[in-house]
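J.: From the sequence below, what's the structure:
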Amino acid sequence: MSVTKELDIIQDNTDDIIFPPGDLYSDEPPVETELHLEQIILFLKCLKWLWRDRKDFYAAGNLTIYYSPHQRKSEDFRGPDFFVVLGTERKTRKSWVVWEEEGKYPNVIVEILSSKTAEVDKGLKKQIYQDTFRTPDYFWFDPYTLEFAGFHLVDGNYQPLEANEQGHLWSQQLGLYLGIYQNQVRFFTTGGKLVPTPEEEAEKLAAKLRELNIDPETI
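T.: The predicted model follows:
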């Protein structure tokens with residue numbers, strides 16, 4: 001496959017970031033800053049590229065999760081900055097409606113902190129994700145201060161994750177580490193290898209071809 005064709009695949013990697021007008025799709029407000037948006041897109045690109053052959057997960061950013069026990073969208077809803085649900089059909093959704101998804105909640109949630117949201121993300125949302133969602137892995141990251149923390153659900157309560165020697169935190173649900181790289185949170189394999197974006201993978205291939213005196217654009 002040519003580098004150009006590989007780059008074309010990128011277009012499929014951010015189709016679940018939905019910022020529609022009004023409440024037609026999601027009740028979530030627009031992301032707060034450019035850094036927040038870049039981080040959400042980065043999560044989606046990397047995970048969808050890594051799992052491009054998988055059809056059993058759903059990953060989204062800035063999308064509302066409706067979880068009312070009365071099955072009402074007017075009550076009980078939250079919108080994580082980034083979340084992943086495992087064991088579900090990989091398809092585009094307008095929102096995540098728990099009672100329409102076999103009662104499934106996210107397996108992993110990441111909140112991107114700001115001065116306005118940090119208190120809620122560390123307090124109320126954390127409590128909801130622990131007690132109601134029962135989400136096994138919860139992380140938060142501040143793109144300005146680079147504060148980064150993670151928690152795993154143990155006997156119904158979130159326990160802080162301990163970083164490895166590289167400062168990375170393990171996500172049992174994803175089977176990946178999360179760690180800061182160039183001031184952003186990235187995924188890393190169990191061997192510590194950076195999970196690339198499609199662009200990074202294509203550039204790596206192009207560089208190898210150039211070493212062989214092959215012009216990538218001619219393939």
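J.: for this protein, what spans make up the strands?
T.: 57-61, 65-66, 77-78, 82-86, 96-97, 108-112, 137-141, 148-154, 157-160, 169-171, 176-181, 184-188 (DSSP state E).
J.: I'd like the distance between residue 174 and residue 145.
T.: Residue 174 is 24 Å from residue 145, where distance means Cβ to Cβ, to the nearest Å. Backbone N, C-alpha and C define where each C-beta goes, glycine included.
J.: repeat for residue 37
T.: From residue 37 to residue 145 the distance is 18 Å (Cβ to Cβ).
J.: Between those two, tell me which one has more neighbours.
T.: The neighbour comparison of residue 37 against residue 145 (other Cβ atoms under 10 Å) goes to residue 37, with 18 against 10.
J.: max-length helix in this structure?
T.: Ranked by number of residues, the top helix in the chain under DSSP state H is helix 34-50.
J.: Which secondary structure elements does it sit against?
T.: Helices and strands touching helix 34-50, by 3 or more Cβ pairs under 8 Å, 6 or more residues apart in numbering; DSSP states H and E, are strand 57-61, strand 82-86, strand 108-112, strand 184-188, helix 198-211.
J.: Which positions in that helix come out as buried?
T.: Residues of helix 34-50 classed as buried by neighbour count (16 or more other Cβ atoms under 10 Å): 35-37, 39-50.
J.: got it, and stretch 131-142?
T.: Under 16+ other Cβ under 10 Å, the buried positions of stretch 131-142 are 133, 135-142.
J.: Turn those residues into CSV, columns for pLDDT and distance to residue 101.
T.: Output for the buried residues of stretch 131-142, formatted as CSV (pLDDT from 0 to 100; distance: Cβ to Cβ, whole Å):
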residue, pLDDT, distance to residue 101
133, 98, 13
135, 98, 14
136, 98, 17
137, 98, 18
138, 98, 19
139, 98, 22
140, 98, 24
141, 98, 26
142, 97, 30
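J.: Please identify which of the residues you listed is nearest to residue 65.
T.: The shortest approach to residue 65 among the buried residues of stretch 131-142 belongs to residue 133, at 7.9 Å (Cβ to Cβ).
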